[in-house]
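Enquirer: based on what follows, work out the 3D shape:
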Amino acid sequence: MGPSAYRAAGLGDAIRDLGIPVEDAGSVAPVPFAASAHPNRAIHHLAETAGWTLALTEAAFRHSAEARPIFLGGDHSLSAGTVAGMGLRARAEGRPLFLLWLDAHADLHTLDTTTSGNLHGVPLAYLTGRPGFAGYFPPLEAALDPARICMVGLRSVDPAEREILRDSGTRVHDMRDIDETGIVAPLRDFLREVASADGLLHVSLDVDFLDPGIAPGVGTTVPGGATFREAHLIMELLHDSGLVRSLDLVELNPFLDERGRTALLMADLAASLFGRRILDRPTRSF
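Expert: Sure thing, here's the model as predicted:
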């Protein structure tokens, strides 16, 4: 129901109001994928997730040829497909792919290390070519270099993920970093790197990046997230850079939302990324 909630929140109209043509390409349908049974008995919905990943990879590659696609979810396993597809697009254009990961979680578990079995916790391990996915997920044709990932907003990272991050080269800015130094300088440093490499930038925004006080519509709330202004500032800086090629909006659960306030906020953030400023934002009462 997440994509429907974004549509009802006026995401498309918010971007059209900026003078940008918008086409709703409809919903993606999963394709069959014969995933092997995994020895980690905690894992569930493996074949279904692999089928979605395959379908989303193709959709991301196809729709990014002539447009800047926005992918609506759904949980963060969606990014296993969208980022893989954008990796193919970057390779086709002869450019490196960079990823800005806005999330409370690192989502770096492998199929062997996950104890919850929830596959929204594994997309970055898959996308960066960590071992253990062969035969269970679609073959990855264009792995993402971990050194081209910037994670912002982390505040719930498991020990196995910390071990992977330690020597990965990934830029990590947890909420303590943001509290101490702010977000502007580290984000601009990352964007300068993307620009100097003529990179293609994909942004993946998880609802739980935001503080649950302003975004309650998510099943994985972690206190201490980004504020309204911090989140909008990030989107405005991304717009100013002119580098963003594609966007994920994930983990919205309308059944946990309060009168649609999370969907509305996420739609507002997407509009900021596409160029709307604070003074252009309509006043809403929640």
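Enquirer: CA atoms for contacts and neighbours, from now on please.
Expert: Noted.
Enquirer: then stretch 8-26 to PDB, C-alphas only?
Expert: The C-alpha trace of stretch 8-26 is given here as PDB (Å, rounded to 0.1, in the frame of the first residue of the first chain):
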ATOM      1  CA  ALA A   8      -2.700   9.800  -2.700                       C
ATOM      2  CA  ALA A   9      -0.300  12.300  -1.000                       C
ATOM      3  CA  GLY A  10       0.100  14.100  -4.300                       C
ATOM      4  CA  LEU A  11       3.700  13.100  -5.100                       C
ATOM      5  CA  GLY A  12       3.200  13.400  -8.900                       C
ATOM      6  CA  ASP A  13       1.400  16.700  -8.700                       C
ATOM      7  CA  ALA A  14       4.000  18.200  -6.400                       C
ATOM      8  CA  ILE A  15       6.700  17.600  -9.000                       C
ATOM      9  CA  ARG A  16       4.500  18.700 -11.900                       C
ATOM     10  CA  ASP A  17       3.900  21.900 -10.100                       C
ATOM     11  CA  LEU A  18       7.600  22.600 -10.500                       C
ATOM     12  CA  GLY A  19       7.200  22.500 -14.300                       C
ATOM     13  CA  ILE A  20       8.700  19.000 -14.600                       C
ATOM     14  CA  PRO A  21       6.800  16.400 -16.700                       C
ATOM     15  CA  VAL A  22       5.800  13.400 -14.700                       C
ATOM     16  CA  GLU A  23       4.700  10.000 -16.000                       C
ATOM     17  CA  ASP A  24       3.300   7.400 -13.700                       C
ATOM     18  CA  ALA A  25       4.600   4.200 -15.100                       C
ATOM     19  CA  GLY A  26       2.400   2.000 -12.900                       C
END
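Enquirer: how about low-confidence regions in the stretch 1-150 of the chain?
Expert: For the stretch 1-150 of the chain, not a single residue meets the criterion pLDDT under 70.
Enquirer: do that again at 90, thanks
Expert: Along the stretch 1-150 of the chain, the model assigns pLDDT under 90 to residues 34-36, 74.
Enquirer: so which residues of it form helices?
Expert: Secondary structure of the stretch 1-150 of the chain, counting by DSSP state H, counting those that start in this stretch: helices at 2-8, 11-16, 46-63, 78-92, 123-127.
Enquirer: let me know which of those helices is tucked in deepest.
Expert: Here the criterion is mean neighbour count by mean count of other CA atoms under 10 Å, and of the helices of the stretch 1-150 of the chain the winner is helix 78-92, at a mean of 25.
Enquirer: please list the residues outside it that contact it.
Expert: For helix 78-92, contacts defined as CA atoms under 8 Å, 6 or more residues apart in numbering pick out 52-61, 64-65, 71, 96-97, 120, 123-124, 126-127, 140-144, 200, 202, 204, 246, 248, 250.
Enquirer: now do the contacts for residue 57.
Expert: Counted by CA under 8 Å, 6+ apart, residue 57 has contacts 80-86.
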